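S.K.: one predicted model, sequence on top.
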Amino acid sequence: MLGVLLVLATGPAAARAAQPAPDLSQSIAADQPLATGRATLTTGHVDIGPRYVDGRWTLLIHDGTQAQPVWRNPDETLLRVSDAALQTVPDDPAYAFLGVDAGKQVHVVPQTQNQNVVWLGWNTQDPRVIHTIDRGVTLTLLGVRGPGTLTTYLQSGNLAPPQPLWRSTETKAQPFWAEVNTHTHANWVFSEPGVYLVAVRASADLISGGTATATGTLRFAVGDGTDIEEAFAAQADPPAPADPPAAAGDRAGTGEPAGSSRTPLLAALAGSAALLALGLVLVVVRGRAVRRRVESERDTRMEALP
């Protein structure tokens, strides 16, 4: 049975993902198609990233496993992590953040490509994304549902310390920052085989002054013994983003903040105006009462004069 979906609350400022290595350079054409239908990706190059689809900001999977790259809907895409991904947790305190005992075998989608394992990273290279966002994208882990833990980390060379980005055991939000027009890969460590659903949010400030936000759920089948149909059938209810994707897409070109609504704003303004008007009425009424009292006292004093 799948574990409980971990809902992550608001947390600290986003970490900054390391800059991609030169051999990770790539470009993405504006006319790359959006594929439909189920797809199981077992080996080859795969990224998650934001893209505009029919003018709407979305979070998709960029499938580069074939000669002709395509974009895919995460709901229809299964990332299969076979037993070729098994690695042994090193006996090194630097990897204690994994929360897994040294010597245990875990499934790892590696930062450096293993030709026998799906190679998962992220990019911010959709042409319209490049030309509309301000500086970069924040990728945030919203929740994980699975039989074990998921940890995503970067490591630059064998001597550099690991840089944890996402840990499903954390109870706070874990955003990290990815520069615009970059492409990066990381290590994805699954402590147990089985089906994992990973909810991710991609958000960015727009040059126009608004914001764009979209949420997607990555679907993993970890281990040779995990059933593909079970993985496709698994359901999760990830927490709703602060700014709904639809609102972000509709307002992406207008500069209006995603998720904002004119109706509550107008209602608030109308309420404020009503309170102000009531306040003015009270001031006028009280002013007239004071004036009448002063005039009455003055008349009384005048009548008392000899």
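M.R.: Alright, I've got the coordinates.
S.K.: got a list of what Thr43 touches?
M.R.: Thr43 makes contact with Thr65, Gln115, Asn116, Val117, Val118, Trp119, according to C-beta atoms under 8 Å, 6 or more residues apart in numbering. Just so you know, the C-beta spots here come from the backbone N, C-alpha and C atoms, and that holds for glycine as well.
S.K.: most surrounded residue in those residues?
M.R.: In terms of neighbours by other C-beta atoms under 10 Å, those top out with Val118 at 24 neighbours.
S.K.: that residue against Val81, yeah?
M.R.: Yes. The pair Val118 / Val81 is scored as a contact, 6.4 Å apart, by C-beta atoms under 8 Å.
S.K.: which residues are in contact with both of these two?
M.R.: Taking C-beta under 8 Å, 6+ apart as the criterion, Val118 and Val81 both touch Val109.
S.K.: could you export the contacts of Thr43 as CSV, including distance to His183, pLDDT and secondary structure?
M.R.: Below are the contacts of Thr43 laid out as CSV (distance: C-beta to C-beta, whole Å; pLDDT from 0 to 100; DSSP: H, G, I helix; E, B strand; the rest coil):
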residue, distance to His183, pLDDT, secondary structure
Thr65, 15, 95, coil
Gln115, 19, 96, coil
Asn116, 22, 97, coil
Val117, 18, 98, coil
Val118, 16, 98, strand
Trp119, 12, 97, strand
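S.K.: ok, so of those, who is nearest Val198?
M.R.: Nearest to Val198, judged by C-beta to C-beta, of those is Val118 at 13.8 Å.
S.K.: quick one: the closest one and Leu154, what's the gap?
M.R.: To Leu154, Val118 is 18 Å away according to C-beta to C-beta, to the nearest Å.
S.K.: returning to that earlier point: tell me the one among the contacts of Thr43 nearest to Arg128.
M.R.: When those are compared against Arg128 (criterion: C-beta to C-beta), the nearest one is Thr65, at 23.5 Å.
S.K.: the closest one against Val46, yeah?
M.R.: Yes. Taking C-beta under 8 Å as the definition, Thr65 is a contact partner of Val46 at 6.6 Å.
S.K.: list residues touching both of the two?
M.R.: Listed contacts common to Thr65 and Val46 are Val118; contacts here mean C-beta under 8 Å, 6+ apart.
S.K.: quick one: Asp83 and Thr226 touch, right?
M.R.: No. Assessed by C-beta under 8 Å, Asp83 is found out of contact with Thr226, at 10.1 Å.
S.K.: which one of these two is surrounded by more residues?
M.R.: Of the pair Asp83 and Thr226, Thr226 is the one with more neighbours under other C-beta under 10 Å, namely 19 against 14.
S.K.: name all residues that make contact with that one.
M.R.: Applying C-beta under 8 Å, 6+ apart, the residues near Thr226 are Pro193, Gly194, Val195.
S.K.: how near is it to Ala85?
M.R.: Thr226 is 12 Å from Ala85, where distance means C-beta to C-beta.
S.K.: same check on Val129?
M.R.: Applying C-beta to C-beta, the value for Val129 to Ala85 is 30 Å.
S.K.: which parts of the stretch 101-250 of the chain are strands?
M.R.: 105-109, 118-123, 136-145, 150-154, 163-167, 174-179, 183-185, 187-190, 194-205, 211-222 (DSSP state E, counting those that start in this stretch).
S.K.: looking at the ones you listed, which is closest to Leu41?
M.R.: Ranking the strands of the stretch 101-250 of the chain by proximity to Leu41 (C-beta to C-beta) places strand 118-123 first, at 5.4 Å.
S.K.: mind listing the strands that closest one pairs with, and their directions?
M.R.: strand 44-53 (parallel), strand 183-185 (antiparallel) (DSSP bridges).
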